[in-house]
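In: model this:
(one chain, ligands or ions: 3)
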Amino acid sequence: MLDHLTVVKHPLVQHKLTIMRDKETSTAGFRQLLREISLLLAYEVTRELDMTEKTIETPMQTMQAPTLDGKKLALISILRAGNGLLDGILELIPSARVGFVGLYRDEETLEPVEYYFKVPEDLGDRLVIAVDPMLATGNSSVAAIDKLKEAGAKNIRFLCLLAAPEGVKRMEEAHPDVPIVTAAVDEKLNEHGYIVPGLGDAGDRMFGTK
Ligand SMILES: O=P(O)(O)OC[C@H]1O[C@H](OP(=O)(O)OP(=O)(O)O)[C@H](O)[C@@H]1O
Ligand SMILES: O=c1cc[nH]c(=O)[nH]1
Ligand SMILES: [Mg+2]
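Out: Ligands and ions are numbered 1, 2, ... in the order given. Next up is the predicted model:
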């Protein structure tokens with residue numbers, strides 16, 4: 001089992017995150033860095049996968065070699081910012097199945113509003129990795145994981161870039177069975193529900209919408 005919370009302290013992750021936080025970093029730079037960092041975070045969130053062995057012929061001899069066991073895993077992007085993590089991880093795990101949960105946060109209530117849901121049918125048979133760069137109040141990720149469980153998912157991990165302590169606590173209470181992997185846990189949320197020091201609105205910075 002992964003720990004309930006894993007903070008990835010790898011120097012490359014921390015260096016790239018610092019550039020992403022910088023408000024002078026361009027949209028193109030932010031998007032590229034998110035892609036790069038997602039590969040490193042994917043390495044951590046895919047620890048402890050079930051393995052088996054198969055017989056192969058190397059050019060030298062026959063051997064029993066390790067290989068991943070079970071069905072292909074399912075990556076679930078929490079739209080829209082989740083797509084920034086998804087693209088990089090798909091380079092590493094090209095055969096993964098992919099689903100989408102469309103949610104946006106009402107700016108007044110901070111409650112998630114759902115607008116789309118499409119996931120692979122047999123989620124219950126797969127390891128499910130839900131991705132969203134930001135875990136702030138936790139309202140969006142808790143709602144997305146509620147929906148994934150309703151759709152049958154049993155073995156879920158959550159990958160984000162940046163978390164607030166409030167969001168980590170909320171996830172621990174609502175979904176204690178879901179390990180979280182993140183690059184950093186920041187100080188707190190501000191009065192508008194934004195992570196501080198944070199990096200601003202991940203979706204807007206990634207897509208240049210503000
Ligand atoms: O933990 P929470 O308080 O729920 O906040 C986190 C959510 O907010 C952002 O999405 P946003 O609503 O801005 O939508 P977007 O991805 O379309 O920009 C972010 O990508 C998370 O989904
Ligand atoms: O700081 C925050 C909080 C929620 N969503 C974001 O994109 N950033
Ligand atoms: Mg946004």
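In: so which strand or helix has the closest residue to Gly138 other than its chain neighbours?
Out: With Cβ to Cβ, 6 or more residues apart in numbering as the measure, Arg170 is the residue that lies nearest to Gly138, at 3.2 Å, once sequence neighbours are left out. Any C-beta I mention is one placed from the backbone N, CA and C, and that applies to glycine too. Secondary structure from DSSP states H and E places Arg170 in helix 165-174.
In: Show me what whatever helix or strand comes next after that helix packs onto, helices and strands only.
Out: Along the chain past helix 165-174, the next helix or strand (assigned with DSSP H and E) turns out to be strand 180-182. Counting contacts by 3 or more Cβ pairs under 8 Å, 6 or more residues apart in numbering; DSSP states H and E, the secondary-structure elements packed against strand 180-182 are strand 5-7, helix 27-45, strand 155-159, strand 162-163.
In: Pull the residues that contact whatever helix or strand comes next after strand 180-182.
Out: Secondary structure here is assigned by DSSP H and E; on that basis, the next helix or strand after strand 180-182 toward the C-terminus is strand 184-185. Residues outside strand 184-185 that contact it (Cβ atoms under 8 Å, 6 or more residues apart in numbering) are 5, 7, 14, 17, 161-165, 168.
In: repeat for stretch 30-47
Out: 2, 6, 8, 10, 12-13, 16-17, 19-20, 25, 73, 84-89, 91-93, 129, 131, 133, 157, 159, 161, 181-183, 205-206.
In: Quick check: buried residues in that stretch?
Out: Residues of stretch 30-47 classed as buried: 30-35, 37-38, 40-42, 44-46 (neighbour count, 16 or more other Cβ atoms under 10 Å).
In: Of those residues, which is the nearest to ligand 1?
Out: Of all the buried residues of stretch 30-47, Leu34 has the smallest distance to ligand 1: 11.5 Å, by Cβ to the nearest ligand atom.
In: Next one: that closest one relative to Val178, how far apart?
Out: Plainly put, Leu34 is 22 Å away from Val178 if you go by Cβ to Cβ, to the nearest Å.
In: how about the helices in this structure?
Out: Counting by DSSP state H, residue ranges of the helices within the chain are 11-21, 27-45, 82-92, 139-150, 165-174, 202-207.
In: helices and strands around the third one, which ones?
Out: For helix 82-92, the elements it packs on are helix 27-45, strand 74-79, strand 97-105, strand 127-131, judged by 3+ Cβ pairs under 8 Å, 6+ apart.
In: Mind listing residues that contact that helix?
Out: Identification of contacts with helix 82-92 by Cβ under 8 Å, 6+ apart yields 31, 34-39, 41-43, 46, 75-77, 96, 98, 100-101, 129-133, 159-161, 202, 206.
In: in the protein, what residue is nearest ligand 3?
Out: When you check the chain against ligand 3 by Cβ to the ion, the closest residue turns out to be Gly203, at 3.2 Å.
In: you'd agree that residue is up against Gly102?
Out: No. Contact criterion Cβ atoms under 8 Å: Gly203 and Gly102 do not qualify, at 11.9 Å.
In: Spell out which residues are contacts of both of those two.
Out: Counting by Cβ under 8 Å, 6+ apart, the shared contacts of Gly203 and Gly102 are Arg80.
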